[in-house]
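Chemist: Got a sequence here, can you build the structure:
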Amino acid sequence: MVIAIEVPVYLVWLVQVGYQTGQQLPRGDVARWAPPVLLPPAAVLFCVMAGWTWWGAVVARTRSPLRERWIVASLVFVAAFSVFCGVASVDDPSFSVGLLSAVVTALGMIGLFFIPAAASRQLPDVTRQRSQRASAPGEADAR
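Modeler: Sure, this is the predicted structure:
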């Protein structure tokens, strides 16, 4: 549900706040186009890439790649720039604008992060294996 609803809302929101943030730059500045054009593809690329890497580790039953600095750094970059654009796009920034930006960013990034898992054919097998392991209390986790 988060993927179907919040991801499109998040991407449209990124374009809108990126455009409004860019419009606050001087009229002759070439960087006015950068936020609305670069931020949505960067968010999709970084979040889906991190989700794909994480899902591959879940399927392979290896150590979580979320401990890797480059993955965490890319997600923090997207979150920080997204919230910044949300706050900078309004004339009178307030706590509620920052909170709304953080919530839209978090839900959108979560949806983008879980696209690889939701689209995987291996999802039913992995969930079935995990539920069987959870229901067998005497078994040790073979990681």
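
Chemist: Work out for me the element the spatially most central residue of the chain sits within.
Modeler: In the chain, the residue lying closest to the centroid (Cα atoms, centre = their mean) is residue 109, at 2.1 Å. Using DSSP states H and E, residue 109 sits within helix 95-113.

Chemist: how many other residues sit next to residue 47?
Modeler: Residue 47 has 25 neighbouring residues, counting by other Cβ atoms under 10 Å. C-beta coordinates here come from the backbone N, C-alpha and C atoms, glycine included.

Chemist: any idea which element it lies in?
Modeler: Going by DSSP H and E, residue 47 is in helix 34-60.

Chemist: Does anything pack onto that helix? Which helices or strands?
Modeler: helix 2-23, helix 69-88, helix 95-113, helix 115-119 (3 or more Cβ pairs under 8 Å, 6 or more residues apart in numbering; DSSP states H and E).

Chemist: possible to save those as a markdown table with distance to residue 53 and mean pLDDT?
Modeler: Output for the helices and strands packed on helix 34-60, formatted as a markdown table (distance: least, Cβ to Cβ, whole Å; pLDDT from 0 to 100):
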| stretch | distance to residue 53 | mean pLDDT |
| --- | --- | --- |
| helix 2-23 | 18 | 92 |
| helix 69-88 | 6 | 92 |
| helix 95-113 | 10 | 95 |
| helix 115-119 | 9 | 91 |
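
Chemist: And these: which comes nearest residue 132?
Modeler: helix 115-119 (18.6 Å; Cβ to Cβ).

Chemist: List the buried residues in that closest one.
Modeler: 115-117 (16 or more other Cβ atoms under 10 Å).

Chemist: the inter-axis angle of the helix holding residue 47 versus helix 69-88?
Modeler: Angle, helix 34-60 to helix 69-88, by axes from the mean of the first three to the mean of the last three Cα atoms, to 10 degrees: 140 degrees.

Chemist: Just give me how far helix 34-60 sits from the chain centre.
Modeler: Its chain's C-alpha centre and that of helix 34-60 lie 7 Å apart, by Cα atoms, centre = their mean, to the nearest Å.
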